[in-house]
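Peer 1: Requesting a structural model of the entry that follows:
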Amino acid sequence: MALHITGDTAADTLLSDNPLALLVGMLLDQQVAMETAFAGPLKIEQRTGAVDAATIASYDPEEFLAAFRQSPSVHRFPGSMAVRVQTLCQTLVDDWGGDAANLWTQGDPTGAEVLRRLKALPGFGEQKAKIFLALLGKQYGFTGAGWREASAPYGEDGSFRSVADIVSPESLTKVREHKRAMKAAAKG
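Peer 2: Down below sits the predicted model:
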């Protein structure tokens with residue numbers, strides 16, 4: 001399994017190989033371009049030396065913020081997002097043994113159960129949780145019963161609604177077009 005979300009081979013490899021990196025990328029995916037959000041975990045790794053929940057959770061908050069603020073910044077709102085990433089990582093340490101993959105592997109969960117687990121995470125509302133579940137099912141090998149239904153409409157086969165559908169530059173363009181159309185419809 002190889003993800004192709006950011007257009008940067010190193011960032012995409014980290015997302016493919018590290019479940020926490022993928023989860024953090026999803027957390028960062030708001031008010032910035034998808035590529036910027038999902039490239040964030042590589043910047044964090046390059047600046048702190050780690051992309052594991054225990055290390056990030058215990059990192060000095062001021063030093064972690066400095067890593068987020070370093071140019072180019074990890075996110076356009078480095079202060080709030082640095083706190084969110086550390087809070088997410090602390091939750092993973094406290095509730096999931098520090099392993100993000102446990103969210104979708106521990107106890108052979110159904111799609112509905114993984115959605116419930118994701119929605120319980122700080123920074124993950126209904127829509128973000130459904131998109132991430134669709135990403136797990138479409139590209140990350142998650143096969144829990146009912147994942148498409150639980151992630152609807154993002155789990156729909158052949159759709160171009162979200163990051164879950166990006167597998168190439170062409171699909172990225174289609175997702176962008178869909179998002180533009182949705183924003184225009186919401187404004188109209």
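Peer 1: Figure out the helix or strand that the most centrally placed residue in the chain lives in.
Peer 2: Geometric centre of the chain, nearest residue: M26, 1.9 Å, by Cα atoms, centre = their mean. Taking DSSP states H and E as the definition, one finds M26 inside helix 19-28.
Peer 1: Measure how the helix or strand that that helix is followed by sits relative to helix 19-28, angle-wise.
Peer 2: Heading C-terminal from helix 19-28, the first helix or strand you meet, by DSSP H and E, is helix 34-48. Orientation check (axes from the mean of the first three to the mean of the last three Cα atoms, to 10 degrees): helix 34-48 against helix 19-28 gives 130 degrees.
Peer 1: now what about helix 34-48, what contacts it?
Peer 2: Helix 34-48 has contacts (Cβ atoms under 8 Å, 6 or more residues apart in numbering) with 5-8, 10-11, 14-15, 18, 20-22, 24-26, 28-30, 50-51, 55-56, 59, 63-64, 67-68, 70, 72, 74-75, 85, 163, 166, 172, 175. (C-beta placed from N, C-alpha, C; glycine too.)
Peer 1: helices or strands up against the helix holding M26?
Peer 2: With contacts defined as 3 or more Cβ pairs under 8 Å, 6 or more residues apart in numbering; DSSP states H and E, helix 19-28 has these neighbours: helix 9-17, helix 34-48, helix 78-96, helix 126-139.
Peer 1: Export it to PDB, keeping only CA atoms.
Peer 2: Below are the C-alpha coordinates for helix 19-28, written out as PDB (Å, rounded to 0.1, in the frame of the first residue of the first chain):
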ATOM      1  CA  PRO A  19      -0.400   5.200  11.100                       C
ATOM      2  CA  LEU A  20       0.100   8.100  13.500                       C
ATOM      3  CA  ALA A  21       1.500  10.200  10.700                       C
ATOM      4  CA  LEU A  22      -1.700   9.500   8.700                       C
ATOM      5  CA  LEU A  23      -3.900  10.300  11.700                       C
ATOM      6  CA  VAL A  24      -2.100  13.500  12.400                       C
ATOM      7  CA  GLY A  25      -2.300  14.500   8.700                       C
ATOM      8  CA  MET A  26      -6.100  14.100   8.900                       C
ATOM      9  CA  LEU A  27      -6.200  16.200  12.100                       C
ATOM     10  CA  LEU A  28      -4.200  19.000  10.400                       C
END
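Peer 1: From the chain's centroid, how far away is it?
Peer 2: Relative to its chain's centre, helix 19-28 lies at 3 Å (Cα atoms, centre = their mean, to the nearest Å).
Peer 1: got the buried residues for it?
Peer 2: Neighbour-count burial for helix 19-28 flags 19-28 (criterion: 16 or more other Cβ atoms under 10 Å).
Peer 1: Please dump the helices and strands packed on helix 19-28 into JSON lines; it should also carry mean pLDDT and mean neighbour count for every row.
Peer 2: Converted to JSON lines, the helices and strands packed on helix 19-28 look like this (pLDDT from 0 to 100; neighbours: other Cβ atoms under 10 Å):
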{"stretch": "helix 9-17", "mean pLDDT": "96", "mean neighbour count": "18"}
{"stretch": "helix 34-48", "mean pLDDT": "96", "mean neighbour count": "21"}
{"stretch": "helix 78-96", "mean pLDDT": "97", "mean neighbour count": "19"}
{"stretch": "helix 126-139", "mean pLDDT": "97", "mean neighbour count": "22"}
